[in-house]
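>>> Sequence unavailable; structure follows:
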Ligand SMILES: [Zn+2]
């Protein structure tokens, strides 16, 4: 049926037999299919019809979206050959990520999801840093959102680092947020020269 509609040379037809675990769903008038984020899918019409696709961002899925940012980066890198177009699209992608971050972290309640966002951010920081480098100019907004969240957070202990993580606000900003904007480490008022030297030593040892 698909072959009849889209022809023999279709990309999907040439690779679908190598895909595993997939299902075909035939939908009728008035039905809606909800797909969680990053579910690989293909939608096509088997007769003359109109297909509507809506993207809904649910706060519950936001930690997943952070942890699959690598997929988005790779997609945008492959999709846009022109550098300024690519940079622009990476910027739009970051804007949407920051909108999600802001509405998830700065909304009342949902402490469990906020905890998951903190973990997802820390765990995926190298990908996040890469995303900021590809767009440029979004670091301030990200740091601002984290600062506003950390001001009132109930989290007292870093979920990733054992020990030496109090007070959590300063620890999170200097170790897990400022990494997207390294110059912040040098301008932070509370970072005394002694503390900076310790950080530099730690980094050197890791290398
Ligand atoms: Zn930590």
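Received, thanks. Since this is a predicted model, take the numbers as computed values, not measurements. Numbers count the residues shown, from 1 in each chain.

>>> What parts of this protein come near the ion?
Taking Cβ under 5 Å from the ion, the part of the chain that reaches the ion is made up of 158, 160, 161. Every C-beta, even on glycine, is put in place using the N, C-alpha and C of the backbone.

>>> Kindly recompute the last result at 8 Å.
122, 158, 159, 160, 161, 165, 171, 172, 175, 176 (Cβ under 8 Å from the ion).

>>> and the last one, what does it touch?
So that's residue 176. 121, 122, 125, 158, 160 (Cβ atoms under 8 Å, 6 or more residues apart in numbering).

>>> from the residues you listed, which is closest to the ion?
Closest to the ion out of the contacts of residue 176 is residue 158 (3.2 Å), distances taken as Cβ to the ion.

>>> Can you name the helix or strand that that closest one falls in?
Here residue 158 is covered by no helix or strand, with elements defined by DSSP states H and E.

>>> And for it, the neighbour number?
The criterion is other Cβ atoms under 10 Å. On that basis, residue 158 has 19 neighbouring residues.

>>> still on that earlier bit, who wins for most neighbours among the contacts of residue 176?
Most surrounded of the contacts of residue 176: other Cβ under 10 Å gives residue 121, at 21 neighbours.

>>> And that one, how close does it get to residue 142?
Between residue 121 and residue 142 the distance is 10 Å, computed by Cβ to Cβ, to the nearest Å.

>>> now do residue 33
For residue 33, the distance to residue 142 - Cβ to Cβ - is 33 Å.

>>> which stretches of the chain form strands?
Using DSSP state E, no strands are assigned anywhere in the chain.

>>> quick one: low-confidence parts of it?
When residues are selected by pLDDT under 70, those of the chain lie in 5, 163-165, 182-207.

>>> And the helices in it?
For the chain, helices defined by DSSP state H occupy the ranges 2-6, 11-15, 62-67, 69-79, 83-105, 111-123, 125-135, 139-152, 168-171, 183-187, 193-206.

>>> Point out the most buried one among those helices.
Between the helices of the chain, helix 62-67 has the highest mean count of neighbours, a mean of 20, where neighbours are mean count of other Cβ atoms under 10 Å.

>>> what sits against the residue nearest to residue 169 when sequence neighbours are not counted?
The spatial neighbour of residue 169 that comes closest, neighbours along the chain excluded (Cβ to Cβ, 6 or more residues apart in numbering), is residue 150 at 4.2 Å. For residue 150, the set of contacting residues under the criterion of Cβ under 8 Å, 6+ apart consists of 168, 169, 172, 173.

>>> What separation do you get for residue 150 and the ion?
With distances defined as Cβ to the ion, to the nearest Å, the gap from residue 150 to the ion amounts to 12 Å.
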